[in-house]
Structure formats: C-alpha cells, structure tokens
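A.B. asks: Take this sequence and fold it.
(2 chains)
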Amino acid sequence: MEHILLVEDDPRLSRSLSEQLQAAGFACTQVYDGDMALRAVGGQRFDLILLDLSLPGKDGYAVCKEIRRTDRQLPIIVITAFSDIDDKMNAFDLGADDYLVKPVHFQEVLAKVRVFLKRREPSTETNDRIVVDDLEIDTTKRTVTREGRSIELAPKEYNLLVLLARRAGKVFSKDELAEQVWSDSHAVSNNTIEVYISFLRSKVDKGHARKLIHTRHGFGYTLSADQS
Amino acid sequence: MSTKLRMALLFAGLSLVLLLGVLGYIYASHSSSRQEEFYERLTAQCVRTATLLGEVRAADRMLLRAMDVNTIHRFHDEKVLVFDETNALIYSSLDDEPIPYSAEVLDQIRHVDYRAWRDSDGDEVVGIHFTDNGDDLVVLASAFDKHGQEELRNLRNTLLVSLALGSLCIFGASYLYIGFAFRPIGQLDQAIATIDVDRLGEHVPVAKGNDEIHRLAANYNRMLERLRGSFDLQRAFVNNASHELRTPLARMNAQVERALALPPDSAELQSTLNTLQNDIAAQASLVESLLLLQRLQAHLPVHRTDLRADEVLYAAMDDVQSTAPELRINVDLGGNIASDKDLTVAGNEMLLRTMFLNLLRNAANYATDKQVRIRIERFGPTLQIGFSNSGTEPLPDGIFTPFFRGPQAERTNGHGLGLSIVQQIAAETGGQITYRFEGGEHHFTVDLPLQG
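C.D. replies: Prediction:
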C-alpha cells in the first residue's frame, strides 16, 4: 500500500483529505507543520508528499528545499491558496512536481496522486539498475550514466531510453514506443518518435565509438551492445 | 516663484552681467585714455617749463612765473617745481597747491627718467628727468584734471542709467515673451489640474506648430485617449467579473436552500450537492483565472527558467485528461527540430503549462470530433506550436478579450477568460498567439522565442 505524507495545518481539511485518501486505498500520515514534516520524512519512507505551502514554523518552501537536498525523486505536490498566484508560479522552482489550488477538489487530488505514483512504479521493482554495456540507468534515482559520465535527459527521453534498455535487443516499432511512452489518449507521430530517438542518440551515443541505439529499417529501433 | 518669473529674472540677470561687462570695459577704457592723455599734457608742461627755464634762467624768474600764469594750457590747481642736480628747488610756480615730494622721489625720477602718480588729494603728478642743453633737472608738474574727471563722471552716470533701464527693459520684454511662450503650458496645467476619470474625453486645445510645447499638448491628448481606453476596459472587466461572480453565488444559495429542505437520503439531495460542488469548483476556477489575469496585466516580474516546451506540453496534456478524458491529442514534432535547444524556451513553467492547458481545454470544448492536433516546429529563432481542431464556423473577432463569449461558447461552461490568459502568457514569454479558421479547422498558433 502506497504511503502518502499529508502536510496541512488546517485540521478539518487534513482530516477530510486523509479519510478520502484512505478510502481510495492509500495509507496516509497527517502532520501539521514543517518541522513535523521533516521529522516524518527522516523517520520513514513515503511514496508521495502533499505539502501545504503556508505552514506554521518552517513553511512549505523550506520543507520542499530541505527534502530536495536529500531526495530528488520523491514526488511532492504543493497545495497553495488560490490567491497566491506567485506561490503557484514558483512551485516548480521550489522543486515541487505539481501543485493543487485550494479549495481542492478531491477527484483532482486523486488523479494527480495516481499519476505520480504510477511514474514511480518501476522503482518498486527489485532490479533498480539497468545495465547495457557501459550504459547504466538507476531507475530509483532516475539517473543515466555512460562510461561513468552522467547524461541529462528530459522525462520523455528518459522513459523512452528505459523502455528500450529494459528489453535490450528487442526491436520496438514506432507505434509501440508511442503507445508505451505516451498515455493512451495521446498519440504521437512517427516523426516525433524519430526526433526523440535522434535526441537520445546525440546524448547517449555521440562521442562513443560503440553505438547502442540502432535503427532496424522497416521495423523500428533497438538498444543493444551488439553492433551488427 | 513661478517658472515664468524665474526664467525672466534669470534672463534679465544674465543680460545685466553681460551689459555690466561691456559698459565697465567702455568706462575703464575711457578712464585709462583720459589719464594717459592728462599725463602726456603734464609731461609736455614739464618739458616746456624746463626748456623755458633754461632759456630765461639768466633773466628774471618772475617773468617765467608771469608766463606760466598767462599760458593758455593752464590746468586746474596746477603746480610746477624744478630742481637742480643737487635737488635744490630752483623754480616753483605761483600756486599754493603743494606737491608732496622727497629727495628719494627726486632721485628715483633721476634714475628712471619718468614717473607719474596720483597724490593723496587726487591731483595727478608727473616727474621727468630733464637733461637737454647740458641741464640736469628734475621737473614735477601736478594738476587736477577737472574737465576729464567731469567727463568721466558724466560717462559713468550715463552708463549706469543705461544699464538700469536696459535691464528693466530686458526683464519686461523677456517676462512678456516667456508668458506668451508658456501660455500653452499654463493651459495644459489647468487641464491636468481638473482632469478626472469622468473627463478623460476632454482634450487640451492644440495650436498649429511643431515645437516641444505643441508636441507635449498633442502627446498629452494621446495619453488621455489611451487612459480612457484602459479605464473603459477596466470598467467592463469589473462589471463582467462581478456579474460572473454574483450570478453563480445566487444560484448556489438557491441550491443550498433547496438541499436543506430535502429529506436526508433522497437522490435529489445527492444530485443537488453534486451540482453545488461543480459550481464551487467553477467559482474557484473563475477566481483563480481572474487573479492570474490581473497578475499578468500588472506586468509584475515573473521568475523564468529554461524549459523544454514539449515536456511542459506533455504535463498539460496529462492535466487536461482529468477534466476532458474524451479528448484525443496527436502530437507531431517537425523534422527541422534537431536538438533539445530547438525546444528550449525561457519562461515560467506554471504559466506555460496554464497556457497549453487552456488551449487544450478550448479544443476540448469546441472540437466537433474531440480531437486536437498539435504541430511543433522551429522557424529560425522561433518555436511554433500549432493547435488545430475541427470546427463548424470561424470564431468572431475579440476572442482574446476577457469575458468574450462567442455564439458557440453559449453551449459550453466557461467564463471567456481562457484565451485572454493565453494571450497574456504568450506576450509575457516574449511571444504571441494568433488564430485563423482554415479548411474547417480552428488553428491557434503560439510563437515563442527560443532560448539562445
């Protein structure tokens, strides 16, 4: 059962959200200020944090920054009052992954929580490291290195690379890649896939004698150490 | 002190200094030439006396005195003294007027041959060393240049009167001229002093001309026009906003009253509460949009970072799924996008996401086939993101104006703020949004400047 930390100083809103999250099948721990939140994060593992920005004591900004110093992967969704347009605009700069605006609509909370927990799913697998030749992907930290050098990838590029690397050697058609990397209701053109594959090639293969991403003409793409 | 008076005084003051300089020079020059001329005349008198003295030394010195008295060159308070080589006074004219001298003065004259000075009672004195005909004499001649000093005094008085009158005339003329030149500024001042929100349509009269003052008046009128436009928009915005806020509040109040009257377990109560919840969400969204629009229109600084526009778009696509799950989105990246720099823009993530979300919601509301096609292309330094969806007829002009609701909008929920927010965000990010209807499709195109 996924565990959510709810940091909200309004007890009524906190109780209401907590009850609804539990009813939806999540474990939920409620804390009411920034210091309690940091202590909770230090003491146990959470899958997601719902964080109100306006808190007594240490505010949401400080909590967010503090958590991001040690954990860049834990999804944080900040909750802002609707009058705080600037808070909302700065939410991403704080290291938050998304924001919700009060008055929060529980269906929206649930939708966002599910989206972020779904993105974390691969990390729950036992094998957190994918290694193909000198390419290493750490799916817990969402980091990619080749020959020990770190490679910065945008989320969709990362998802594409993970998909290819998990089944190294398998040839994926463009349609397969589109279906698995993008959501069901989103379609992307073949050309779009080609653009992202070209981005991946320039970031992963450029400057290396041994290429890992290969085109199988008429079929699709594969990631493999095999140069044939 | 008014600017008009200050400028007139300044101008008159400058003129006074200038005149004072010129007239002072004239006076000093005249005074110097008078003195020079007078010294020359005294020198001539010394030479004449010494020469005559040589000639008549053997004769009666009384005769010389008599000649001296009757000379036609006689000066006022004139006195002549002649000293021999031992500094002994050998001749003195008849006057009682003394010439202050000493043996040192006489020796000095003998040494330098000529000396002129003014004594303590204002007489001018010339001393020469006379050595003609084997004589070794020192001659001192002193007199008061009564005529010359009178002339000088008259000149000084004339110059002072001219200076005073000239300065007064210059002050008066410049005061009148500046007053004339400043009249339009005075009118402008009056107009500005009386302007208020209800009188923005009243303009300052602008006379023909192209100088700074006329341009100021013309620009002031243009500013009033812009202000009036802005106030009209503001008024319309407030009217629309209060209407949009008040009406649902009344409806929600009615729903609450109805809910209170319903039996606790009735299906109708559930339905009423559901409607109420939707209305509250719509109200929250409206307030959110109003605050965002106000924030954008105030042009306050926004924190920006380098963002991958495609990734922000994908996040907005995930967002729209919660409210419009039926919308199918097709994304096509142009082949001219070669690296991730071709997709990187400097902007605020929340604002860009809101812009894309609003465009997607717009498509979800109006697409007849519930599909939207997004085409991302690069054109030189610009990233172009086009949103196309099917439609029945072109949207009317004014779709980017706050609270604008076209005829097709009547069938959908919304407040007419989404596209105006899109336009404001595009401008805030240094880009623009355009709309066209072509081939039975609505096309919204966002142009954003690429980073670097």
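
A.B. asks: Every contact and neighbour count from this point should use C-alpha atoms.
C.D. replies: Will do.

A.B. asks: CA atoms of stretch A:5-25 as CSV?
C.D. replies: Listed in CSV are the C-alpha atoms of stretch A:5-25, where the atom choice follows Å, rounded to 0.1, in the frame of the first residue of the first chain:
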residue,chain,number,x,y,z
LEU,A,5,2.5,12.1,3.8
LEU,A,6,-0.1,14.9,4.2
VAL,A,7,1.3,18.2,5.5
GLU,A,8,-1.6,20.5,6.1
ASP,A,9,-2.2,22.8,9.1
ASP,A,10,-6.0,23.1,8.7
PRO,A,11,-7.2,20.1,10.8
ARG,A,12,-10.6,19.9,9.0
LEU,A,13,-9.1,19.9,5.5
SER,A,14,-6.4,17.5,6.6
ARG,A,15,-8.9,15.0,8.2
SER,A,16,-11.2,15.2,5.2
LEU,A,17,-8.3,14.6,2.7
SER,A,18,-6.8,11.9,4.8
GLU,A,19,-10.1,10.0,5.1
GLN,A,20,-10.7,10.2,1.4
LEU,A,21,-7.2,9.1,0.6
GLN,A,22,-7.6,6.1,2.9
ALA,A,23,-10.9,5.3,1.4
ALA,A,24,-9.2,5.3,-2.0
GLY,A,25,-6.7,2.7,-0.8
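
A.B. asks: does it come close to chain B?
C.D. replies: No: no part of stretch A:5-25 sits near chain B under the criterion CA under 8 Å from any CA of the partner chain; the closest distance found is 15.2 Å.

A.B. asks: Can you tell me the number of residues neighbouring whichever residue of the stretch 51-200 of chain B sits closest to chain A?
C.D. replies: The minimum distance from the stretch 51-200 of chain B to chain A, using CA to the nearest CA, falls at B:V197 (28.7 Å). Here the neighbour count serves as a burial measure; for B:V197 (other CA atoms under 10 Å in any protein chain shown) it reads 11.

A.B. asks: Over to A:V204?
C.D. replies: Using other CA under 10 Å, A:V204 has 22 other residues around it.

A.B. asks: That one contacts A:R149, doesn't it?
C.D. replies: No: look at A:V204 against A:R149 with CA atoms under 8 Å: they stay out of range, at 10.2 Å.

A.B. asks: which sections of chain A are below the confidence cut-off?
C.D. replies: A:82-83, A:120-127, A:228 (pLDDT under 70).

A.B. asks: Would you mind naming what in it lies close to chain B?
C.D. replies: Where proximity means CA under 8 Å from any CA, the interface of chain A facing chain B comprises A:82-83, A:85, A:88-92, A:103, A:105, A:108, A:111, A:154-156, A:183, A:185-192, A:195, A:198-199.

A.B. asks: Mind giving me the ChimeraX command for buried ones among those residues?
C.D. replies: Selection of buried members from the residues of chain A next to chain B for ChimeraX, criterion 16 or more other CA atoms under 10 Å in any protein chain shown:
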select /A:82,85,88,89,90,91,92,105,185,186,187,188,189,190,192,195,198,199
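
A.B. asks: So which of the residues of chain A next to chain B are in strands?
C.D. replies: Among the residues of chain A next to chain B, the members falling in strands are A:H186, A:A187, A:V188 (criterion: DSSP state E).

A.B. asks: Show the contacting residues for the residue of the stretch 51-200 of chain B closest to chain A.
C.D. replies: B:V197 is in contact with B:R228, B:F231, counting by CA atoms under 8 Å, 6 or more residues apart in numbering or on different chains.
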